[in-house]
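next input, structure requested:
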Amino acid sequence: MAQPFPFSAIVGQDEMKTALLLAAIDPSIGGVLVFGDRGTGKSTAVRALAALLPKMRVVVGCHYGCDPNVPRAFCDACREHAAKGDMKSRMMPVPVIDLPLGATEDRVVGALDLELALTRGEKAFEPGLLARAHRGFLYIDEVNLLEDHLVDLLLDVAASGENVVEREGLSVRHPARFVLVGSGNPEEGELRPQLLDRFGLSVEVKTPEDLPTRIDVVRRRDIYERDPAAFVEKWKRKDGQLRRKITAAKERLPQVEVSDKALERAAELCIALGTDGLRGELTLMRAARALAAFEGEDAVSDMHLRRIAPPALRHRLRRNVLDDAGSGVRVDRALEEIFGA
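Predicted coordinates for the structure are as follows:
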């Protein structure tokens, strides 16, 4: 299997790359929605992120990848191991799990292990995609075409951080905290408002229109496809630098200050745009803090809020029949009014 395309080698699409990095630094931001033209590197960026992220420590033998340093989030099996004192740990890559559009509910949430049931007569749980995605990323391509019953299921799990399965005499509850990443083409249908609101950041990707950028994209892709190993090796150092920067940002994140003035600015912006609820302010604050940590800053500034406001807020705006401007334009106007040109 070929190695993923290096994250550092992706040409342009800076807003998408920044959003994915911030979600990796602070999963509480709430995931990333990437909408745009076909062939603009949406799925390439997500798979590249998987290879870029630092490895995480997990409990050996745990189906859910529990963190041995966070006992409060243990599954039942890990609690038993902790009580016996025989818990072991190892390092593994951060999971990035694909959720296919045609996936059944059993495959997503988990179900009875039929092999054990038939051969040994034992009732055992076979974990699904949500279990595999715990502490990682769940990626849905063409998320706007996802079936309604799976959308409802994801909404429940995203809200609670747990997956509860009760069927065939089984009753299982396990942790399922993941960063939801969805991509799609807006021409193929809109996303349900309930799911749209669950994404922390929403970015728009477009086909590059300038000649040098298009040539660079095609050239790099061609070189990669002819010799993936050599191409990955060429970008290994830059990916390594970015990986270390992510690690440093995660360590710095708790110390980054969000002043009352910054919170006031965020609230003013959301009021000016008429966003529903307070999720807009929370996402804007968390994403700005992650951006400050990524850039080595000790406090959130107006610059951080300005940069992150479009992806944090553009998908939260209500339609205004008296204003036919796009959501991005409305956010830009509000930024100018509050922060100045």
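
identify all contacting residues around stretch 200-217.
Residues outside stretch 200-217 that contact it (CB atoms under 8 Å, 6 or more residues apart in numbering): 11-13, 15-16, 19, 22-23, 29-37, 39-42, 196, 283, 286-287, 308, 311-312, 314-315, 328. Where C-beta positions appear, they are placed from N, C-alpha and C, glycine not excepted.

are any of those residues buried, and which?
In the contacts of stretch 200-217, burial by neighbour count holds for 11-13, 15-16, 19, 22-23, 29-36, 40-42, 196, 283, 286-287, 308, 311-312, 314-315, counting by 16 or more other CB atoms under 10 Å.

just the ones of the residues you listed in strands?
If you go by DSSP state E, these have 32, 33, 34, 35, 36 in strands.

and of the residues you listed, the nearest to residue 270?
Lowest distance from residue 270 to these (CB to CB) belongs to residue 33, with 18.5 Å.

spit out the contact partners of the closest one.
Residue 33 touches 143, 181, 182, 183, 184, 191, 196, 199, 201, 202, 203, 315, counting by CB under 8 Å, 6+ apart.

okay, now the third one: neighbour count?
The one in question is residue 182. Residues lying near residue 182 (other CB atoms under 10 Å) number 27.

test my guess that it contacts residue 34.
Yes: contact criterion CB atoms under 8 Å: residue 182 and residue 34 qualify, at 7.1 Å.

what residue ranges in the stretch 1-150 of the chain are flagged as low confidence?
Within the stretch 1-150 of the chain, the ranges that satisfy pLDDT under 70 run 1-2, 112-124.

ranges for the strands of it?
32-36, 56-59, 89-92, 96-98, 110-112, 125-127, 137-141 (DSSP state E, counting those that start in this stretch).

show me the strands paired with the last one, marking each as parallel or antiparallel.
Just to be clear, that refers to strand 137-141. Its sheet considered, strand 137-141 pairs with strand 96-98 (parallel), strand 179-184 (parallel) by DSSP bridges.

and for the second one?
According to DSSP bridges, strand 56-59 has the following sheet partners: strand 89-92 (antiparallel).

contacting residues around the strand it pairs with?
Here strand 89-92 has contacts from 55, 56, 57, 58, 59, 60, 65, 68, using CB under 8 Å, 6+ apart.

weed out the non-buried ones from the residues you listed.
Applying 16+ other CB under 10 Å to those flags 58, 59, 65, 68 as buried.
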